[in-house]
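Q: no FASTA, just this:
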């Protein structure tokens, strides 16, 4: 027994030394906690999305740039690590969470999708008057922003001379106005040149139109497919219109037989919604709550809210507005950077982000990424 009594204290002392030398999980915020993934959020009260890219905080770390959103009370949120769960390929990850703002910055590409038909004077004037101030507001709010625009009536991305690239915008697809919408509807691709964007907006004026619905849905799809979105940047669209949108079927019913009409036919609404959510595009809408159209046309508010892309819907009465004062501005600048240790093996993974503050804020999204 004597040797046993001598060896046991030495072994115990060795274990104590080893425990002191090894860092506890509490010293490493990115250590996997070993907990089970949370159940699916069945009754979400918020919706948002995000982008994933390598973090500059460490070689093995990844950042999720969570797009800004409002709580169910319409107010900005104030969340921390305990309100987020990140699940990478079935494993709950240790995380840190920072609110975007000040020195915590995130890339954001913001596209205005504008009705420029004759009735849209107040909408265009509002952006013309406030876009520079709005861009400065975005910058001080922590967003490394670029801006772009797609203007539309029944058609979009058209110029009388498609090869004429100047402050009046471009036609990325090289189209002239079709017979059913003879007014040019140019495009301004995503850019950090806010003054050039201001010049573009100021150079546009409301014109044409006539029939009630316009082609907002087709314009959103065009923006998604054709603008120069940055990898890893938050993707935000702000749709401004004073009427409802054509649908896939109403556009065909009205314009089939017109030369080239299929080129501007909008997609099925549900299909576009699936694409926007799948590709992480938050869509805010400034427009009237009443469509002024029959039930066959689409109110663009379906693209906002919990059942849409998580964007904000602002019920616009046609008067001038200040971009900084809209709830859209609060939502756009209310994002978070969630950092976790990624399993960097070059394989594609599904990353699930659950947001739940244990009270009235709950929702989730998943993104696929290869790293």
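A: Arrived safely, thanks for sending. This structure is a prediction, so every number in the text was calculated from the model and none was measured.

Q: make it CA atoms for all contacts and neighbour counts henceforth
A: Fine.

Q: now do the strands in the stretch 1-150 of the chain.
A: All strands of the stretch 1-150 of the chain, identified by DSSP state E, counting those that start in this stretch, fall at 50-54, 61-66, 84-88, 91-93, 95-99, 106-115, 143-152.

Q: now what about the last one, what contacts it?
A: For strand 143-152, the external contacting residues (CA atoms under 8 Å, 6 or more residues apart in numbering) are 100-101, 105-117, 135, 138-139, 156-157, 185-194, 197, 214-216, 219, 223, 333.

Q: show me where the stretch 251-371 of the chain has strands.
A: Secondary structure of the stretch 251-371 of the chain by DSSP E, counting those that start in this stretch: the strands cover 281-287, 313-315, 336-341, 348-356, 362-370.

Q: could you dump those into JSON lines with mean pLDDT, distance to residue 252 and mean neighbour count added?
A: Formatted as JSON lines, these follow (pLDDT from 0 to 100; distance: least, CA to CA, whole Å; neighbours: other CA atoms under 10 Å):
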{"stretch": "strand 281-287", "mean pLDDT": "96", "distance to residue 252": "24", "mean neighbour count": "27"}
{"stretch": "strand 313-315", "mean pLDDT": "95", "distance to residue 252": "27", "mean neighbour count": "19"}
{"stretch": "strand 336-341", "mean pLDDT": "98", "distance to residue 252": "42", "mean neighbour count": "24"}
{"stretch": "strand 348-356", "mean pLDDT": "98", "distance to residue 252": "38", "mean neighbour count": "19"}
{"stretch": "strand 362-370", "mean pLDDT": "96", "distance to residue 252": "34", "mean neighbour count": "18"}
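
Q: related to what we said a few turns ago, residue 352 is nearest to which of the strands of the stretch 1-150 of the chain?
A: Smallest distance to residue 352 across the strands of the stretch 1-150 of the chain (CA to CA): 5.0 Å, for strand 84-88.

Q: show me what the closest one is packed against.
A: strand 91-93, strand 348-356 (3 or more CA pairs under 8 Å, 6 or more residues apart in numbering; DSSP states H and E).

Q: list the neighbouring strands of the shortest one plus their orientation.
A: In other words, strand 91-93. Strand 91-93 sits in its sheet next to strand 84-88 (antiparallel), going by DSSP bridges.

Q: same question, the longest one
A: Partners of strand 348-356 in the sheet, by DSSP bridges, are strand 84-88 (antiparallel), strand 362-370 (antiparallel).

Q: distance between the ends of stretch 141-157?
A: 31 Å (CA to CA, to the nearest Å).

Q: what does stretch 288-302 give?
A: Stretch 288-302 end-to-end distance (CA to CA) = 12 Å.

Q: that's all I had, so thanks and see you.
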